[in-house]
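A.B. asks: Provided below for reference: sequence and predicted model.
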Amino acid sequence: MAKKQYVNLNFKDGTQSESSLVLLKASIDEKTPGDSNGQVGYFFIEPQGSVMALDMFPAHLRPQGFDKQPKYSISASIENKQMQEPVRIGSGAGDHYKFKYGKLADGSDAKSYPGDALEVWRKVFLRAGHMKGCPPLNIGALSADYDPVSIEFAQDGGEIEIAREHYVYDINSVVSKLNQGQSPPEHSSQTVMVAMVDRIGTRSMIEASEQVWPAKTFIGKVRDWIQTVSGGTLRWKVPNGNLTWPDDKDWVFLVRALFTKKGGAEDIRFLSSPETFVLKDTSYTHYQHPEGTACRQMKIDMDVLRKQLITLMTDDTEKITLDVKLWFIGSPYLGLANSVEPKVIVGTLHPLWGNAIGGGGIAKTVVHELGHICGLVPHYVPVYSEDKAAEESPEENGKWYYAKGGLGHHCGEGATEENGEIDGKPAKVMGGGSCIMFHAGDESAPKSFCGVCQSLLKRADLAKLGLSNVWPKGWSK
Ligand SMILES: [Zn+2]
Ligand SMILES: [Zn+2]
């Protein structure tokens, strides 16, 4: 049975499983008392079976003595029949190492070092919290997905409960609440702050305008139109396919009418109590949220609108354009990861549809966002020379793509570029990805890392978490 060695943690004397340094101690036989004092002995690192290729790793992540002959030999001075030395194993995830020791530099007298083989693992701590009423982070479900890449998760401290807000977007302000009343995490570079939140999105503003007079269906003077036509509803789609802000009490910002007079003079007037005539159209596509509905279409009650217009218009009014500024759900995401620091927020309600997301769906978002924190998905990965670990020109990750429907860097395994829409405009988007690091996903989306992402996670140095800390040169050549 191999023993886990968490190579990304900091070396602590006495905590043998932490860091890539393993403190080896051996006793040396003497022919006559004291004859070994001041002499030198040797430890040898013994990779077991096949291990990850050396050219993926810089010198400080390789087994010590990689550039020597015999390979992986480390000298140690002998005092009082003892030699001891912290020796560095490699950082390739899942690799196994054993050791030998002896008095001869060529290893010809080397004996096996007692103990189990060490298996290379990384440990990531989670300082987790959830908004009141939102489900907490399920670390057990997460760990199983990271087993194939030898990353283990452990909770830092207790699960914190924070106040509930309907929508959040600013990762920093949310996760800072997880530190309230607590000292900073002990493993600060290997701890991810994770907050389970209600919905992720922004209250953004959009404007819809249309000429309401002369109406297409009525020819005549504006005053006649106002007085003779009763009833009627204008139905306007929220521009760019967006959804209204769900709060029924607070979604119209303002309504104004632009009056154009004979000769071209213009007059802009704000209309009062817009909530009495600008309404959400729940007969069209809409979604129920806790605080109201998110609708694709609004309706304008012409009877109420006319009563206001009639008091504002003059005999020489030739044209009236109505202008509605409303709040809509902007930047809806299931989860977000900070691009530098290890901070994550995960939504537990769907940002557009308002429904509670099932445990399986939430678990996928958690796996995806922590993938970013562990460095996915870099555009370039470094390559090093086998013998001296000199940095060579980087390799391009053929699965990488940026934006194309998502936010940031993602994996296009199994995906194809399609014609789609971004913010209501035609654009190239990626569709049908089969890796969990694809930018979009719901309950039915795949949950596992593709081969490329697995390999990236296995070679990632997780001594300092965060996308740009794991691959500092991963973004441009
Ligand atoms: Zn992502
Ligand atoms: Zn992938």
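C.D. replies: Now that the structure is in, tell me what you want to look at. Ligands and ions are numbered 1, 2, ... in the order given.
A.B. asks: Show me which residues of the chain sit near ligand 2.
C.D. replies: 411, 413, 435, 437, 450, 453 (C-beta under 5 Å from the ion). Every C-beta, even on glycine, is put in place using the N, C-alpha and C of the backbone.
A.B. asks: Tell me how many other residues crowd the fifth one.
C.D. replies: Same thing as residue 450. 21 (other C-beta atoms under 10 Å).
A.B. asks: which SSE is residue 362 in?
C.D. replies: For residue 362, the element it lies in under DSSP states H and E is helix 359-373.
A.B. asks: how about that helix: buried residues?
C.D. replies: Using 16 or more other C-beta atoms under 10 Å as the test for burial, helix 359-373 gives 361-373.
A.B. asks: Tell me which other helices or strands that helix touches.
C.D. replies: Applying 3 or more C-beta pairs under 8 Å, 6 or more residues apart in numbering; DSSP states H and E, we find helix 359-373 packed against helix 139-146, strand 191-197, strand 335-337, strand 343-347.
A.B. asks: one more time with 6 Å
C.D. replies: helix 139-146, strand 335-337, strand 343-347 (3 or more C-beta pairs under 6 Å, 6 or more residues apart in numbering; DSSP states H and E).
A.B. asks: what distance separates the first one from the middle of the whole chain?
C.D. replies: Right, the one you point to is helix 139-146. Centre-to-centre, helix 139-146 and its host chain are 16 Å apart (C-alpha atoms, centre = their mean, to the nearest Å).
A.B. asks: What of stretch 289-301?
C.D. replies: Using C-alpha atoms, centre = their mean, the offset of stretch 289-301 from its chain centre is 30 Å.
A.B. asks: Okay, helices next: where are they in the stretch 101-250 of the chain?
C.D. replies: Here the stretch 101-250 of the chain has its helices, by DSSP state H, counting those that start in this stretch, at 139-146, 171-175, 222-228.
A.B. asks: can you tell me which of these the model trusts least?
C.D. replies: Comparing mean pLDDT across the helices of the stretch 101-250 of the chain, the lowest value falls on helix 222-228: a mean of 58.
A.B. asks: and the closest residue to residue 348 other than its chain neighbours, how far is that from residue 310?
C.D. replies: Excluding the flanking residues, the one nearest residue 348 by C-beta to C-beta, 6 or more residues apart in numbering is residue 134, at 4.4 Å. Separation of residue 134 from residue 310 (C-beta to C-beta, to the nearest Å): 49 Å.
A.B. asks: Looking at those two now, which is surrounded by more residues?
C.D. replies: The neighbour comparison of residue 134 against residue 310 (other C-beta under 10 Å) goes to residue 134, with 22 against 13.
A.B. asks: ok, the more buried one touching residue 196?
C.D. replies: Yes - contact criterion C-beta atoms under 6 Å: residue 134 and residue 196 qualify, at 4.9 Å.
A.B. asks: list the residues that contact both of the two?
C.D. replies: residue 348 (C-beta atoms under 6 Å, 6 or more residues apart in numbering).
A.B. asks: ok so, going back, okay, the residue nearest to residue 348: pLDDT?
C.D. replies: 98.
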